[in-house]
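**Student:** Structure for this input, please:
(one chain, ligands or ions: 1)
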Amino acid sequence: MAPQGLIAHGRGEAFDYLFGETTPKSSRLATKAAVALLLSARNPVISVNGNTAALVPREIVKLARSVPAQLEINLFHKSAAREQRIASLLKRNGAINVLGASASAKVRIPGVASARRSVDPRGIGGADVVLVPLEDGDRAEALRKTGKMVIAIDLNPMSRTSQTASVTIVDNILRAIPELVSCTLRMKHLSRSRLRAITSSFDNQGNLSRVIGDMVRYMHGWM
Ligand code: PTJ
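**Tutor:** I've put the predicted structure just below:
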């Protein structure tokens, strides 16, 4: 995890307390929609940064296998050494193929100023659905502009990432990834038309309002 990752983690924890460190009901709905998107995707990709690798290395590999989806390392504080360390951590946890850590061909996501603009054309570059845990707002927005469906995991329902994603899971990544794995295993047998019905009936803005409502109700309990 980059030192800035610790600060980001603290920001996330502050929001987690506003839910009593439990998964709000509304987030379970988003998880279901996210799984429907992943299972019906042509090329789903899971973007991995330092915080994700440090917090849920085994679970993220399990998720990639159960969909199945590709894993691509994509760092804000980019360095070849960090990429290599994260790739070997994922491999020690069962990943076979990890994109984003070698000097292979890269394409640019237009509109992203940070190092995160550079992605693998076989991975995020060619993906139709991208899962972006703990993302910065710029890239989430830019990925949406290229026509990709974006699934975000972010404890802050008001962040730009949460607001611009196609599906936002407002939950701690520590609970969200295991929940995504078990939901994937439960939904794997569903037909394409059933999966499509789940994704098309999901309203991210409406769900984010429900999340904020859950937060407010939890805090009222303390008054
Ligand atoms: O490893 P790198 O170099 O790619 O850097 C990763 C960080 C996280 C440092 C970088 O992406 C960053 O600075 O992110 P931000 O802009 O701070 O955004 C992180 C978002 O994740 C914030 O909205 C936090 O509320 C949220 N967050 C933090 N911890 C968790 C979380 N969401 C879910 N689970 C968490 N444990």
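**Student:** Residue of this structure closest to the ligand, please.
**Tutor:** At 2.3 Å from the ligand, G12 is the closest residue in the chain, using C-beta to the nearest ligand atom. Backbone N, C-alpha and C define where each C-beta goes, glycine included.
**Student:** so that residue is in which element?
**Tutor:** Element membership for G12 (DSSP states H and E) is helix 3-17.
**Student:** Which elements pack onto the helix or strand just after that helix?
**Tutor:** Next in sequence after helix 3-17, counting helices and strands by DSSP H and E, comes helix 25-40. When contacts are defined as 3 or more C-beta pairs under 8 Å, 6 or more residues apart in numbering; DSSP states H and E, helix 25-40 packs onto strand 129-133, strand 149-153, strand 167-169, helix 173-187, helix 192-201, helix 204-220.
**Student:** Could you rerun that using 10 Å?
**Tutor:** Where contact means 3 or more C-beta pairs under 10 Å, 6 or more residues apart in numbering; DSSP states H and E, helix 25-40 is packed against strand 44-48, helix 57-66, strand 129-133, strand 149-153, strand 167-169, helix 173-187, helix 192-201, helix 204-220.
**Student:** and this structure, which of its residues are near the ligand?
**Tutor:** Contacts of the chain with the ligand, taken as C-beta under 6 Å from any ligand atom, map to 2, 4-5, 8-9, 11-12, 15, 49-51, 75-77, 134, 136, 153-156, 159, 172-173.
**Student:** just the buried members of those residues?
**Tutor:** 2, 5, 8-9, 12, 15, 49-51, 75-76, 134, 136, 153-156, 159, 172-173 (16 or more other C-beta atoms under 10 Å).
**Student:** Can you report how many residues lie near the spatially closest residue to S40 that is not a sequence neighbour?
**Tutor:** Among residues not flanking S40 along the chain, L195 sits closest, at 4.4 Å (C-beta to C-beta, 6 or more residues apart in numbering). Residues contacting L195 under the criterion other C-beta atoms under 10 Å number 19.
**Student:** ok, L195 to P133 distance?
**Tutor:** Note on L195: its distance to P133, by C-beta to C-beta, to the nearest Å, is 22 Å.
**Student:** With N204 instead?
**Tutor:** On the measure of C-beta to C-beta, N204 and P133 end up 16 Å apart.
**Student:** in stretch 77-94, what counts as buried?
**Tutor:** Applying a neighbour-count criterion of 16+ other C-beta under 10 Å, one finds 78, 82-83, 86-87, 89-91 buried in stretch 77-94.
**Student:** can you list those residues in a markdown table and add pLDDT?
**Tutor:** Compiled in a markdown table, the buried residues of stretch 77-94 are given as follows (pLDDT from 0 to 100):
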| residue | pLDDT |
| --- | --- |
| K78 | 92 |
| R82 | 96 |
| E83 | 96 |
| I86 | 97 |
| A87 | 97 |
| L89 | 98 |
| L90 | 98 |
| K91 | 98 |
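**Student:** Among the residues you listed, which pair sits farthest apart?
**Tutor:** Across those, the longest distance by C-beta to C-beta is 19.5 Å; it joins K78 and K91.
**Student:** Mind checking which of N204 and P133 has more residues around it?
**Tutor:** More neighbours surround P133 than the other of N204 and P133, with 23 against 19 (other C-beta under 10 Å).
**Student:** Excluding residues flanking it in the chain, which one is nearest that one?
**Tutor:** Per C-beta to C-beta, 6+ apart, closest to P133 is I153, 4.1 Å.
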